[in-house]
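>>> Fold the following, please.
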Amino acid sequence: MLLVPVLAFLFLKSFGTNHYALPTFFPERVDSTQVGGKWQRDTVYHHLSSFGLVSQSGHPEAVTEIAGSGLYVAGFLCANCPGASPEPIAQLARVQELYRQDPQVKLVTYLTAGITPEKAAEQYGAIAGKWWFLAGDSTVLRRVADDYHLPAVKNSTIQTPNLFLIDREQQIRGIYDGTKHKEIDRLLTEIGVLLYIYEHDDAGR
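Numbers count the residues shown, from 1 in each chain. As a prediction, the model looks like this:
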């Protein structure tokens, strides 16, 4: 498991970042800007909003403040939903363990039903300041789900096995099936890629 970011580093160092470009999800529009007398078309991608939700600390938390200048992996947990797989939350624990010493990597789980943030943090072994469980009014949670482009269902239950990689610009850079081990391997690799890009971008400033 510890080899994943190392392999990502070696891949980028050998072949260059242009050979492993992370996608950005959910384009919203195309803007035209004039550069050097020529018009250029740039795609503008969806940026996630920051909703105030209550965490295991008992206080309202904004995701932008939680993430700071780093990245985070987000997921949704419906603890009492029939048929919900426990695998995605177990995989988040795996991510937490791998990056427990890296303050740039955070985890955010939106609780949609069945458990409080305090109980979830205790049950799943959340490290304080690393993994945040957030809960709130059902209307606000539906707005969060819409922000992630999750489809609405007839009984209004918010449930998905997917995990999401969010960059420091609040854009979705990866979507992964949290029930599949290979998908989580890809998530870990792409976290390493994003951290590598940040390190070299910051060093070049």
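>>> what residue lies at the spatial centre of this structure?
In the chain, the residue lying closest to the centroid (Cα atoms, centre = their mean) is V73, at 2.8 Å.
>>> and the longest helix along the chain, what does it pack onto?
Counting residues, the longest helix found in the chain (DSSP state H) is helix 181-203. Helix 181-203 sits against helix 3-15, strand 71-78, helix 87-98, strand 162-166, strand 172-177, with contacts defined as 3 or more Cβ pairs under 8 Å, 6 or more residues apart in numbering; DSSP states H and E. (Each C-beta comes from the backbone N, C-alpha and C, glycine too.)
>>> Mean pLDDT lowest where, among these?
Ranked by mean pLDDT, the helices and strands packed on helix 181-203 bottom out at helix 3-15, with a mean of 51.
>>> Local confidence estimate at the nearest residue in space to P88 that is not next to it in sequence?
Once flanking residues are discounted, P88 sits nearest to G178: 2.8 Å by Cβ to Cβ, 6 or more residues apart in numbering. Per-residue pLDDT puts G178 at 95.
>>> Spit out the contact partners of G178.
Going by Cβ atoms under 8 Å, 6 or more residues apart in numbering, G178 touches G75, S85, E87, P88, I89, Q91, L92, P161, N162, L163, I184.
>>> if I look at the fifth one, how far off is P60?
Which is I89. Note on I89: its distance to P60, by Cβ to Cβ, to the nearest Å, is 23 Å.
>>> what's the answer for the third one, then?
E87 sits at a distance of 30 Å from P60 (criterion: Cβ to Cβ).
>>> where in the protein is pLDDT low?
Filtered on pLDDT under 70, the chain yields the residue ranges 1-20, 31-32, 34-35, 39, 153-156, 202-205.
>>> For D147, give me its contacts.
Contacts of D147 by Cβ under 8 Å, 6+ apart are L48, S49, F51.
>>> Specify which member of the residues you listed is nearest to D102.
Using Cβ to Cβ, L48 comes nearest to D102 of these, at 21.3 Å.
>>> Contacts only, for the closest one.
Counting by Cβ under 8 Å, 6+ apart, L48 has contacts V63, D147, Y148, I166, Q170, Q171, I172.
>>> same question, E118
By Cβ under 8 Å, 6+ apart, the neighbours of E118 are Q56, G58.
>>> What strand or helix carries it?
Assigned by DSSP states H and E, E118 belongs to helix 117-123.
>>> for that helix, which positions count as buried?
By neighbour count on 16 or more other Cβ atoms under 10 Å, the buried set for helix 117-123 is P117, A120, A121.
>>> Could you dump those into a markdown table with distance to V108 added?
Shown next, in a markdown table, are those (distance: Cβ to Cβ, whole Å):
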| residue | distance to V108 |
| --- | --- |
| P117 | 11 |
| A120 | 12 |
| A121 | 12 |
